[in-house]
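> sequence and predicted structure, then a few things I'm wondering about:
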Amino acid sequence: MEGIKISLLDAFIDAALREDVKDGDHTSLACIDPEATNTAKLLIKDEGVIAGVDFAKYVFHKLDPACTFTELIPDGTKVQYGDIAFEITTGSQTLLMGERLVLNTMQRLSGVSTMARKFQELVSDLPVTILDTRKTTPLMRFLEKWAVRIGGCANYRDGLYDWIMIKDNHIDASGGITKAIQKVKAYLKENNKELGITVETRNLEELQEVMKEGGVTRIMLDNFDLETLRKGVEMIDKKFEAEASGGVNLTTVRAIAETGVDFISVGALTHSAGSLDMSLKIKSA
């Protein structure tokens with residue numbers, strides 16, 4: 001699982017199992033022989049891009065280091081109804097303990113990777129990068145951002161701690177764009193931090209003000225119509241990175257990309273992604 005911190009992964013799995021299992025899966029404990037083993041298959045019941053096969057492998061090996069996990073379809077592959085992503089052979093009680101954690105997570109992540117792939121394919125021939133946002137499920141951000149990468153798009157900041165983003169509320173609360181930028185630069189210098197700086201602008205006047213002050217990494221052009229967006233990109237003229245945001249969907253992303261922006265941030269990659277239907281079925285003897 002490239003780019004995933006194992007400590008975060010273990011903490012997530014442990015918390016999810018505590019939530020679901022607590023003092024025991026009493027149904028399985030009651031009716032299944034503790035020595036019984038089974039083989040199950042992950043059945044795809046939808047179309048999309050699969051994400052989470054590596055996650056499933058990690059979960060089952062964590063529950064049973066001696067299990068046999070056979071990957072049949074790798075993460076990032078387009079799948080369709082009837083495909084089998086993997087097979088797992090382990091203790092029957094272990095299988096049923098991990099089933100819902102694996103399914104719930106894979107369904108969600110595959111929905112995100114499917115959405116990301118749709119956006120990526122619409123602009124794949126253009127010099128633009130589609131970025132995700134912080135509009136993620138609490139405590140699942142690191143996995144959802146992994147799914148975004150699997151789908152072919154890129155990650156923006158991981159959180160409030162690793163990138164400066166001066167948005168409209170920061171600007172209004174600090175007395176204007178120039179003051180906000182100056183305060184940020186002073187803060188970074190005083191605290192010996194080197195972080196990228198994005199400033200959100202709502203019109204060309206604010207864009208001009210940011211460019212006059214300078215010292216930022218990227219200028220976000222938020223909810224600009226296409227004509228104004230083109231003008232904004234021309235004004236920036238590669239002096240700073242140009243990012244478009246707001247009103248981005250599968251219908252509009254191509255035209256936005258064609259204005260020449262370097263980045264397009266898309267909250268829909270995560271907040272509007274559905275789930276890919278799948279099930280874990282024990283194979284008949």
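Received the coordinates, thanks.
> contacts, neighbours, all on C-alpha from now
OK.
> using the record's assignment, carve the chain into domains.
Under automatic domain parsing, the residue ranges defining each domain of the chain are 6-114+274-282, 154-265.
> which one of these lies nearest to residue 134?
domain 154-265 (6.8 Å; CA to CA).
> may I see the buried residues of stretch 128-137?
For stretch 128-137, the neighbour count (16 or more other CA atoms under 10 Å) marks 128-134, 136 as buried.
> over to it now: how far is its first residue from its last?
26 Å (CA to CA, to the nearest Å).
> okay, strands next: where are they in the stretch 101-250 of the chain?
All strands of the stretch 101-250 of the chain, identified by DSSP state E, counting those that start in this stretch, fall at 129-131, 164-166, 197-201, 218-222, 241-245.
> I'd like to know which of the domains of the chain is closest to residue 123.
So among the domains of the chain, domain 154-265 is nearest, using CA to CA, at 6.0 Å.
> first vs last residue of that closest one, how far apart are they?
9 Å.
> show me what the mean pLDDT comes to for that domain.
Domain 154-265 shows a mean pLDDT of 97.
> quick one: the helices in this structure, in order.
Assigned by DSSP state H, the helices in the chain fall at 6-21, 26-31, 53-63, 92-122, 141-151, 168-174, 177-190, 204-213, 226-236, 253-257, 268-271.
> nearest to residue 82, out of those helices?
Among the helices of the chain, helix 92-122 sits nearest to residue 82 (CA to CA), with 15.2 Å.
> gap between the closest one and the chain center?
Offset of helix 92-122 from its chain centre (CA atoms, centre = their mean, to the nearest Å): 12 Å.
> just the mean pLDDT for that helix, thanks.
On average, the pLDDT along helix 92-122 is 97.
> how about it: buried residues?
Result for helix 92-122 [16+ other CA under 10 Å]: buried residues 92-103, 105-120, 122.
> still on that earlier bit, in a markdown table, list the helices of the chain along with distance to residue 47.
Shown next, in a markdown table, are these (distance: least, CA to CA, whole Å):
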| stretch | distance to residue 47 |
| --- | --- |
| helix 6-21 | 27 |
| helix 26-31 | 32 |
| helix 53-63 | 16 |
| helix 92-122 | 9 |
| helix 141-151 | 14 |
| helix 168-174 | 39 |
| helix 177-190 | 45 |
| helix 204-213 | 42 |
| helix 226-236 | 33 |
| helix 253-257 | 22 |
| helix 268-271 | 17 |
